[in-house]
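[1] Turn this into a model:
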Amino acid sequence: MTIEVPILRLGLAGFTEAQQKQAAEAAAATATARARWELAGFAEADAWWLEGSRTLLMANEHLRVQPAVPSGRSVQLALADVDRPVAFTEPVTAPGFKPAVTFALQDKAAAVTVLHKFGDWLQTMLSQFALASSISDHQPSLASGSWEVLRGSQLLAVVDLKLGAGTMPGVTSADFDGASWCIRDHGAVVIPPSYPRASVSQLMWQYAQRSERDLLPPHYRSQPLYFRRPPRLPQRQMKDAHLLLMRELVAHPGTNFDGLQQASGLGELALARFLSALYVVGSITSNPKRAMGGAQIAIAGRDSQISHEQSVYVSVLDSTPRASELLHRPHLDMTAPAPLGLLPER
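    Now for the predicted structure:
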């Protein structure tokens, strides 16, 4: 079994090029068996470092961080709305502003300590990544049902379509090495109240954003592909590329990998990554019988050439599309493929 170490992304604002290099060195020094950090774009980061001497407190109580490089742009945010860990480098010069976490960037040990603290705050996400990684390891042999993941008598996780996925607090990828996946009758599992819970779609989507594995099955690079149903996720979690690919498959069912690459303009690696995320939540398929509209999309004489998908991503996560999830749009509608914002979060 592969033991994956999740990547946590650190976004910077107001840093000079020299400071960015210091931040990258600190991030590299934090690598452990639990997680490792790397610099990333500000919007997609899991945590932020803001340059204290370039931070201004606005009249509306928002913060503005001025850029430190010619090509940079200022960042404005309301701390009350921040949903991720944030720390400020010293000195913080905004009058009257006292952030909760500060550190001296030139003190590498202090910077590393801050990132380890951030990792503690993100522990739920790390545990959920570990569970999703184990699902990916076992997916060829898993079928639809309710599951308990045990290491001896210790309950590491519960996976159930209706209840969602619950993970034991603090569990890591190494804990799942050698664990047993035990199928249970529907309705026979219980997620302990202390176990953080997420929908299975949410669990696998977040995993696909972080995993360095190639999650797209090989035949998805050669066979025709079809849209199956919208992801059971808030639309804000999807990027424009995800929406573009779903739109193309709604408008042109049976487009293959090369055709999607030509239509989207994405590189091969980027396209595979975006398709992987849609695959693990059951939104695309290579089997026309599983596609939106099923029988209408199936092509006579081709069924015998389509291999059956024995995948946990289809069987455990998705079962079959619900009637309410099938899109009633004109075939040539070139807008986003679903009223995603109207879908309930599951």
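[2] any chance you could map the helices in the stretch 51-200 of the chain?
    Using DSSP state H, counting those that start in this stretch, the helices of the stretch 51-200 of the chain run over 108-121, 123-138, 200-210.
[3] May I have the first one exported as CSV, CA atoms only?
    The reference is to helix 108-121. Output of helix 108-121 as CSV, limited to C-alpha atoms (Å, rounded to 0.1, in the frame of the first residue of the first chain):
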residue,chain,number,x,y,z
LYS,A,108,13.6,30.0,10.4
ALA,A,109,12.8,28.0,13.5
ALA,A,110,9.9,30.3,14.4
ALA,A,111,8.6,30.2,10.8
VAL,A,112,8.7,26.4,10.9
THR,A,113,6.9,26.3,14.3
VAL,A,114,4.1,28.4,12.8
LEU,A,115,3.6,26.0,10.0
HIS,A,116,3.5,23.0,12.4
LYS,A,117,0.8,24.9,14.4
PHE,A,118,-1.1,25.4,11.2
GLY,A,119,-0.9,21.7,10.5
ASP,A,120,-2.5,21.1,13.9
TRP,A,121,-5.3,23.4,13.0
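[4] got the contact list for it?
    8, 10, 22-23, 25-27, 29-30, 32, 34-35, 37, 46-47, 49, 85, 87, 101, 103-105, 126 (CB atoms under 8 Å, 6 or more residues apart in numbering). Heads up, the C-betas are built off the backbone N, CA and C, glycines and all.
[5] Which residues are in contact with the residue positioned nearest the centre of the chain?
    Per CA atoms, centre = their mean, the C-alpha nearest to the average position across the chain is that of Gln206, at 2.0 Å. Gln206 is in contact with 125, 128-129, 132, 198, counting by CB under 8 Å, 6+ apart.
[6] Emit the PyMOL select command for whichever of the residues you listed are buried.
    Here is the PyMOL command that selects the buried residues among the contacts of Gln206 (16 or more other CB atoms under 10 Å):
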select buried, resi 125+128+129+132+198
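[7] Among the contacts of Gln206, which one sits closest to Thr285?
    Ala132 (20.1 Å; CB to CB).
[8] Can you report how many residues lie near the nearest residue to that closest one once chain neighbours are set aside?
    Nearest residue to Ala132, sequence neighbours excluded (CB to CB, 6 or more residues apart in numbering): Tyr207, at 3.4 Å. Other residues within reach of Tyr207, judged by other CB atoms under 10 Å, total 24.
[9] Could you do Pro193 as well?
    7.
[10] ditto for Ser127
    Ser127, neighbours per other CB under 10 Å, totals 26.
[11] And for Leu269?
    Neighbour count of Leu269, defined by other CB under 10 Å: 9.
[12] Provide the secondary structure category for it.
    Here Leu269 is recorded as helix under DSSP: H, G, I helix; E, B strand; the rest coil.
[13] I'd like to know how far it sits from Tyr279.
    15 Å (CB to CB, to the nearest Å).
[14] what's the answer for Val158, then?
    Taken as CB to CB, the span from Val158 to Tyr279 is 24 Å.
[15] residues contacting the residue nearest to Ala132?
    Contacts of Tyr207 by CB under 8 Å, 6+ apart are 128-129, 132-133, 135-136, 280.
[16] So what's the predicted local confidence for it?
    For Tyr207, the pLDDT comes out at 94.
[17] can you redo the helices of the stretch 51-200 of the chain as TSV with distance to Arg247?
    Formatted as TSV, the helices of the stretch 51-200 of the chain follow (distance: least, CB to CB, whole Å):
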stretch	distance to Arg247
helix 108-121	36
helix 123-138	27
helix 200-210	18
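[18] Tell me which of those sits nearest to Leu63.
    helix 108-121 (18.1 Å).
[19] buried sites along that closest one?
    111-112, 114-115, 118-119.
[20] Could you tell me the angle between that helix and helix 123-138?
    Going by axes from the mean of the first three to the mean of the last three CA atoms, to 10 degrees, helix 108-121 is angled at 70 degrees with respect to helix 123-138.
[21] Pull the distance from helix 108-121 to the chain's centre.
    22 Å (CA atoms, centre = their mean, to the nearest Å).
[22] pLDDT wise, what is Thr113 at?
    At Thr113, pLDDT is 97.
[23] Roughly how far does Val149 sit from Pro169?
    The value you get for Val149 to Pro169, if CB to CB is used, is 14 Å.
[24] Please say which of the two ends up with more neighbours.
    Neighbours were counted for Val149 and for Pro169 using other CB under 10 Å; Val149 has more, 24 against 12.
[25] these two touch, right, that one and Gly178?
    No: at 11.0 Å, Val149 and Gly178 do not qualify as touching, with contact defined as CB atoms under 8 Å.
[26] returning to what we had before: I'd like the contacts of Gln206 laid out as a markdown table, including distance to Ala263.
    Shown next, in a markdown table, are the contacts of Gln206 (distance: CB to CB, whole Å):
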| residue | distance to Ala263 |
| --- | --- |
| Met125 | 33 |
| Gln128 | 33 |
| Phe129 | 31 |
| Ala132 | 29 |
| Ala198 | 32 |
